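[1] model the following, please.
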Amino acid sequence: MRDILTFPALSDATLALMDIDQERLEFITTAVNRIIEAGNYPAKVISTLDRREALDGADGVVCTILQGGVDVFRSDIEIPKKYGVDINVGDTRGPSGIFRALRTIPVMLDICRDIEELCPDALLLNYTNPMAMLCRAMLGETRVKLTGLCHSVQGTAMMLARWIGAPYEEITYLCAGINHQAWYLDFRWNGKDAYPLIREAVETRPEIYNEEQVRNEMFLHLDYYVTESSGHNSEYNAWFRKRPDLIEKYCTHGTGWNPGHYAYILHEYQKVADTWRDHIREQLEAPVRLERGHEYAASIFNAVIGDGEMFEFNGNVLNNALIDNLPPGCCVEVPVLASRRGLNPMKVGPLPPQLALLNSISAQCEELAVQGALEGDRRKVFHAVCYDPLTSAVLSLAEIRQMVDEMFEANRGWLPQFGMGAQ
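    Numbering: from 1, shown residues only. Modelled structure (predicted):
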């Protein structure tokens, strides 16, 4: 909300805030009203528990939800661990990401159906994970104009710029692939190839190597730098988490976010569940900040429904002839130009083959999982988990089947498309 109001064309917007929890809604409404008052903006706030009221007549929609809460998310992490699949994050792909998608896709499609009815011209910006599977389902099944956003692209670019001592405003790049595993196909400092400087920093400075051990190993062997943290990327392949000694070697002693922590995000969720009220109260007592942050959403809205200043970002869209050697129709993360004409994804062409191979495995697993979610087909879900790189590196087919059956049972009540709705 703070970012949106920094644009003059949006400063008089009506901001509709919606939550399913009255207490959380009251906190965030207070926070947004403080921003409006501090900036002396002509904006106004609608606060509601009714999603349809919030969406009615909207020009833009931002969505970030967790379907099922922390208790059911625990099973996404703890059941695979029992079978030997050690998960650090678990919100994007693999068995944990797939079951999170199975729970969330029906809700996201319901939201899209409301948008089709109540604000059919609105632009939906999704911040909910698992990003690729949700966007693939929504874009494939509805007419809603949407893209999915993740801050790992600009965040990683800022990190690489820092490593080579470059001001971020002097950096340009081309980044493409899939969500949480896109690649900087080109990375330049004042127009010159900066990859030699990045390689030198990673190979000669232990503090930089240790900051992102998993991603740095991927870079040194695959030749291109990948987006998203080592914690995430340690789960998306077969190289780092299939044995305790590899977790110890590559995932435990880094100086940054420690991917060696089993169930890191689950533990963070649990802490937030216990402490969010205190955190929000601290925020409400602190001075109000009005400067714009580095998330994309507000700049996209400004380009499409604000003053029309064009804005380029990396977004999640369907692969309609954008990346030649990834599956047609899968969800890819590519440069997108936002303007008065809407969102225009840019054709990238083929990825280097060693990158396309890794991306393609995950993209095809995601496609199977989405089909399973839409059709209520448990067999397709099982097959999607079968080919997950980390799971298949650890378990036999029979073990995977048993694990998937147990995860389905743990999700009873949250999967109406499989005949497992609330009793």
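
[2] what sits against residue 184?
    Shown in contact with residue 184 (C-beta atoms under 8 Å, 6 or more residues apart in numbering): 156, 157, 160, 173, 174, 175, 224, 225, 227. Where C-beta positions appear, they are placed from N, C-alpha and C, glycine not excepted.

[3] for residue 152, see how far away the last one is.
    This points to residue 227. Distance from residue 227 to residue 152, counting by C-beta to C-beta, to the nearest Å: 4 Å.

[4] so what sits against both of those two?
    By C-beta under 8 Å, 6+ apart, the residues touching both residue 227 and residue 152 are 180, 182.

[5] those two: which is more packed in?
    Per other C-beta atoms under 10 Å, whichever of residue 227 and residue 152 has more neighbours is residue 227, with 27 against 21.

[6] distance of that one relative to residue 193?
    Residue 227 sits 19 Å away from residue 193, taking C-beta to C-beta as the criterion.

[7] ok, back up a step: which ones among the contacts of residue 184 map onto strands?
    173, 174, 175 (DSSP state E).

[8] by neighbours, which of those wins?
    residue 175 (24 neighbours).

[9] pull the distance from stretch 44-57 to the chain's centre.
    The chain centre lies 25 Å from the centre of stretch 44-57; the measure is C-alpha atoms, centre = their mean, to the nearest Å.

[10] mind listing what's buried in it?
    Across stretch 44-57, burial judged by 16 or more other C-beta atoms under 10 Å covers 45, 47, 48, 51, 54, 55.

[11] from the contacts of residue 184, pick the one nearest residue 288.
    residue 157 (28.5 Å; C-beta to C-beta).

[12] contact partners for the closest one?
    168, 171, 173, 175, 184, 187.

[13] as JSON lines, these with pLDDT and distance to residue 74 would be great.
    Formatted as JSON lines, the contacts of residue 157 follow (pLDDT from 0 to 100; distance: C-beta to C-beta, whole Å):
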{"residue": "168", "pLDDT": "97", "distance to residue 74": "38"}
{"residue": "171", "pLDDT": "98", "distance to residue 74": "40"}
{"residue": "173", "pLDDT": "98", "distance to residue 74": "37"}
{"residue": "175", "pLDDT": "98", "distance to residue 74": "33"}
{"residue": "184", "pLDDT": "98", "distance to residue 74": "35"}
{"residue": "187", "pLDDT": "98", "distance to residue 74": "39"}
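
[14] in TSV, list the residues you listed along with distance to residue 418.
    What follows is these, written out as TSV (distance: C-beta to C-beta, whole Å):
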residue	distance to residue 418
168	46
171	46
173	42
175	36
184	39
187	44
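
[15] helices of the stretch 1-150 of the chain, start to end?
    2-5, 22-39, 51-55, 69-82, 94-118, 131-141 (DSSP state H, counting those that start in this stretch).

[16] quick one: contacts of the last one?
    Right, the one you point to is helix 131-141. So helix 131-141 is contacted by 92-93, 97-98, 101, 104-105, 108-109, 112, 124, 126, 128, 144, 146-148, 150, 178-180, 316-318, 329-331, 333, 363, 366-367, 369-370, 373-374 (C-beta under 8 Å, 6+ apart).
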